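Asks: fold the following, please.
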Amino acid sequence: MRILVIFYFVFCTLFTLSVNELTAQNLSLTKVTSLGQEVAETSGLLNVDGRIFTHNDSGNKAELYELDTVSGAVKRKIVVTNASNNDWEDLSSDDHFIYIGDFGNNRGDRKNLRIYRVSREQLLSSENIQADTINFIYDDQKTFSPALYTTNYDAESFIVAEGHIYVFTKNWGNFKTNIYKLPSLPGKHQAIRTDSLNVNGLVTCATYNAIDKSLILAGYSLSESFLCTVYFEQDKAELLNRFAINNSAGIQIEGICRYGDYYFLSNETSSVLSASLFRVNLSELLTDISSIEKKKNIFYGSDNNLIFLSESDEFQVSVYDISGKLMFQGTTSPITTNGWPAGIYAAYIRDTKLNYTSFEKFFVGR
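Replies: From the prediction side, this is the model:
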């Protein structure tokens, strides 16, 4: 009989590595400049061809602002003439469009969640632009009774990747983030939940790099601001590391984008700090993401009920079935699956040289 091994990254919370299993690390932000009063409630950040854009959040005008990254001044103001700002929370883009996430929902009762889509060309050349509208609902939301600061259907961040939109919820109820997928086309859509990450906080912004599959999530908890590095590909997300921000007093991160060798972050005005632009160099910290390219393919299928593990002397592997029963532990390669029931299995792969644990799911079928 033949083994079919299908590679998956984490797609349910049963086998997800909790944030407590990650090595705790800290980092510091460098302030670039203060931002003007016109963007005191900055809530998103986007790099479009080396030009940085932001917007304000709920109740403000339907406007985008191009920033001078040296002085913090507003260089251009762009009015989205056929849109309204119910609660704009984040910006994202693909090769042809930029997207504005109007889905802030801290009561959990909104039925008009939407994402505006505007032409990149218009954004860069015009001061008055028009948008298409992408309307959506969460496929698993059954009640819309107000649940202020307890709902798991609030969101402040999203990315556009692999031809789809991925929304990251701001879960007041459990401090996780759920990932929902929907088309990047105008119309009415259901956002389908694909994954969940235990970030131990409230996610407020996201940025994605399609080249190295690196996803950065940022936000805050009751005690700190944080950044999370995530490997993201084909709907599956693997939480790699969580970094507490040392100098986060008064900083409520609201926007993030990649800019050269840095990530720029913005915070809105608080009682102790005016709206500002910060930067952090994550190039060295993202080595854990590039290393996943090797780890994600260490299993491959073959005949004779065998699974082969490349470079087995460097890895310690523990394989569990869906009930949590330990099926294999060790470094031996190949691993035989004779007698294993057909189904989904979880493998924790410990790299003894890098002191890093990755995760894979695979399917054994007959």
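
Asks: OK, contacts around Ala210?
Replies: Shown in contact with Ala210 (Cβ atoms under 8 Å, 6 or more residues apart in numbering): 161-162. Backbone N, C-alpha and C define where each C-beta goes, glycine included.

Asks: please apply the same query to Leu27.
Replies: 227, 243-246, 280, 285 are the contacts of Leu27 under Cβ under 8 Å, 6+ apart.

Asks: where is pLDDT lowest across those residues?
Replies: Here the lowest pLDDT out of the contacts of Leu27 sits on Leu285, with 69.

Asks: beta partners of Ile344?
Replies: For Ile344, the beta-bridge assignment (DSSP bridges) gives partners Phe363.

Asks: can you name the two of the contacts of Leu27 that sit furthest apart?
Replies: Distance extremes for these: the farthest pair is Asn246 and Leu285 at 14.0 Å, using Cβ to Cβ.

Asks: follow-up on the earlier one: reformat the contacts of Leu27 as CSV; add secondary structure and neighbour count.
Replies: Formatted as CSV, the contacts of Leu27 follow (DSSP: H, G, I helix; E, B strand; the rest coil; neighbours: other Cβ atoms under 10 Å):
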residue, secondary structure, neighbour count
Leu227, strand, 25
Phe243, strand, 22
Ala244, strand, 17
Ile245, strand, 21
Asn246, coil, 12
Val280, strand, 19
Leu285, coil, 17
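
Asks: thought Leu217 was touching Leu227?
Replies: Yes - between Leu217 and Leu227 a contact is recorded at 7.2 Å, counting by Cβ atoms under 8 Å.

Asks: break the protein down into its domains, please.
Replies: Taking automatic domain parsing as the criterion, the chain consists of the domains 19-292, 297-364.

Asks: quick one: the helices in the stretch 251-366 of the chain?
Replies: 287-295 (DSSP state H, counting those that start in this stretch).

Asks: ranges for the strands of it?
Replies: In the stretch 251-366 of the chain, the strands defined using DSSP state E, counting those that start in this stretch lie at 253-259, 262-267, 276-280, 299-301, 306-309, 315-321, 326-330, 335-336, 343-351, 356-364.

Asks: deepest in the core, which of the domains of the chain is it.
Replies: For the domains of the chain, the largest average neighbour count (mean count of other Cβ atoms under 10 Å) is found in domain 19-292, namely a mean of 19.
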